[in-house]
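> curious how this folds, go ahead:
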Amino acid sequence: MRVADKSTIDEHLPAGRVPTAGTEPRVLVIDDEPLLGQTLKLGLEGSFSVELEALGEVALERLLSGERFDLILCDLSLPNLSGIEIYQQLAELRPELLPRFVLMTGGAVTDEARDFVASYTGAILHKPFRLMELEAVAARILERHGLARRRPGLG
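Residues are numbered from 1 along each chain as shown. Predicted coordinates for the structure are as follows:
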C-alpha cells in the first residue's frame, strides 16, 4: 500500500528507555489530514494498534497523562499546537518518549520549521512517503526497544 507516490526518508534514531511491551505495539498518529490518518491506520492495522488524533493539544494531553505508545507519528504542521511544540513539551516533560517520536512533514514552510527539521536528530518521514518506508522505520524503533514485530514484512 502506498501512502504517496514519491518517497524520501531521513533517519537518526537516538537510544532510549525500553517501553513496556503489550500484545500489539501501540501507535499514535497525530495528523490533521483525515485521509492520511485513515490511510496510515488501515496500512498499519494487523501489526499495530493504531490511534488517531487530529488535534495536537489532545495528543499531547494523552502523552503527558502517561498513556503508553510504542511509536508516535507526528505531523510537523498542525493547527493550534505544532509538531515542534509537541516535541518540545515531550523533551521537557517526558523525554523517554523522544526515541519513539517520528516527525512527518510535507515541507517546512516557516523559518522556525526549517531550522527545527535541520537540527532534528530523530526519525523523519518526508511526505509523500510509502507505507513500506514507515514500516521500516517502525520496525527499527521497535527492535531497538525490544518489542516483537507482528508481520514478516516489518524488518
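
> now Glu92: how far from Leu60?
Distance, Glu92 to Leu60, using CB to CB, to the nearest Å: 11 Å. Every residue, glycine included, has its C-beta placed from N, CA and C.

> so which of those two has more stuff around it?
Neighbours were tallied for Glu92 and for Leu60 using other CB atoms under 10 Å; the higher tally belongs to Leu60 (21 against 8).

> any low-confidence regions in the protein?
Judged against pLDDT under 70, the low-scoring parts of the chain cover residues 1-22, 148-155.

> in it, which spans are strands?
Taking DSSP state E as the criterion, the chain carries its strands at 8-10, 26-30, 49-53, 71-75, 101-105, 123-126.

> export these to TSV and tack on mean neighbour count and distance to Val117?
Shown next, in TSV, are those (neighbours: other CB atoms under 10 Å; distance: least, CB to CB, whole Å):
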stretch	mean neighbour count	distance to Val117
strand 8-10	14	9
strand 26-30	24	16
strand 49-53	19	21
strand 71-75	25	12
strand 101-105	23	6
strand 123-126	21	7
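
> of all those strands, which one is nearest Ile141?
Of all these, it is strand 71-75 that lies closest to Ile141, at 6.0 Å by CB to CB.

> what are the pairing partners of the closest one, and which direction each?
Its sheet considered, strand 71-75 pairs with strand 26-30 (parallel), strand 101-105 (parallel) by DSSP bridges.

> got the contact list for the first one?
Contact with strand 26-30 is made by 37, 40-41, 44, 48-54, 56, 59, 62-63, 68-75, 78, 83, 86, 138, as judged by CB atoms under 8 Å, 6 or more residues apart in numbering.

> check stretch 71-85 too.
Taking contacts as CB under 8 Å, 6+ apart, the residues outside stretch 71-85 that touch it are 25-33, 40, 48, 55-57, 59-60, 63, 86-87, 97, 100-106, 108-109, 112-113, 116-117, 125, 134, 138, 141-142.

> that one: end-to-end distance?
From its first residue to its last, stretch 71-85 covers 18 Å (CA to CA, to the nearest Å).

> gap between that stretch and the chain center?
Computed by CA atoms, centre = their mean, to the nearest Å, the separation of stretch 71-85 from the middle of its chain amounts to 9 Å.

> just use 59 as the starting number from now, easier for me
New numbering, starting at 59: the last item is stretch 129-143.

> select the longest helix from this protein.
Of all the segments of type helix in the chain, defined by DSSP state H, the longest one is helix 189-202.
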